[in-house]
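[1] sharing a model prediction with you, sequence too.
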Amino acid sequence: RVLLFELKSLSFENEKLGNLLKKLAKSISTRSGIPIRVQIDEKYKHSPKAELGFYRIAQEALNNVVKHSNATESSLLFESYSKHMKLLISDNGSGFNSNKITPENLGLIIMKERSKLIGASLDISSNPGRGTKISITYTR
């Protein structure tokens, strides 16, 4: 039900992506008990397609923090300027070998596909015992 509400309440035309990301992080943090530190620096509005891609990747990454990481904290950093957007999601969880992404890592594969669809680059950095960082960069 919560996910359906989150999907239904999205409106990229009426609200800034940064505000939607704050709401997403707050909802996931409240539901999971994992604190998510949020930093937003939004100076420019990009295409709805690119912003939706960023939102969906953030949604998947934060849900992965909850489901798989055993993290005690996470952070979300979002920047949007006229020439680029950047999103960085990190956690202090158990991590994994990011060099060995397999078909079982469906969420990571979907994030990579979503980034390609909007012309963005996605970097996944993780090692066992060292947490995970997911960075997506979109350049106009």
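    Thanks, I have the structure now.
[2] where in this structure is pLDDT low?
    Applying pLDDT under 70 to the chain flags residues 1-13, 102-103.
[3] one more time with 50, if that's ok
    Low-confidence segments of the chain, defined by pLDDT under 50: 1, 4.
[4] where along it do the helices fall?
    For the chain, applying DSSP state H gives helices covering 2-8, 17-32, 48-68, 106-117.
[5] with adjacent residues omitted, what lies nearest to S115?
    L122 (3.9 Å; C-beta to C-beta, 6 or more residues apart in numbering). In short, each C-beta sits where N, CA and C put it, glycine included.
[6] residues in contact with R140?
    46, 82-84 (C-beta atoms under 8 Å, 6 or more residues apart in numbering).
[7] residue contacts, G95?
    Counted by C-beta under 8 Å, 6+ apart, G95 has contacts 69, 126-132.
[8] rerun that using 10 Å as the cut-off
    By C-beta atoms under 10 Å, 6 or more residues apart in numbering, the contact list for G95 reads 68-71, 125-133.
[9] those: which two are farthest apart?
    N70 and S125 (17.6 Å; C-beta to C-beta).
[10] residue nearest the centroid of the protein?
    When C-alpha atoms, centre = their mean is applied to the chain, the residue found nearest the centroid is A58 (1.8 Å).
[11] so how far is P128 from that residue?
    24 Å (C-beta to C-beta, to the nearest Å).
[12] A50 now?
    A50 is 33 Å from P128, by C-beta to C-beta.
[13] which of these two has more residues huddled nearby?
    A50 (20 against 10; other C-beta atoms under 10 Å).
[14] residues in contact with the nearest residue to the more buried one once chain neighbours are set aside?
    Spatial nearest neighbour of A50, chain neighbours left out: I118 (4.7 Å); criterion: C-beta to C-beta, 6+ apart. Contacts for I118 (C-beta under 10 Å, 6+ apart) come out as 46-47, 49-54, 56-57, 85, 136, 138.
[15] columns distance to A25 on top of the residues you listed, output as JSON lines?
    Shown next, in JSON lines, are the contacts of I118 (distance: C-beta to C-beta, whole Å):
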{"residue": "H46", "distance to A25": "19"}
{"residue": "S47", "distance to A25": "22"}
{"residue": "K49", "distance to A25": "22"}
{"residue": "A50", "distance to A25": "19"}
{"residue": "E51", "distance to A25": "16"}
{"residue": "L52", "distance to A25": "17"}
{"residue": "G53", "distance to A25": "17"}
{"residue": "F54", "distance to A25": "13"}
{"residue": "R56", "distance to A25": "14"}
{"residue": "I57", "distance to A25": "13"}
{"residue": "M85", "distance to A25": "17"}
{"residue": "I136", "distance to A25": "15"}
{"residue": "Y138", "distance to A25": "19"}
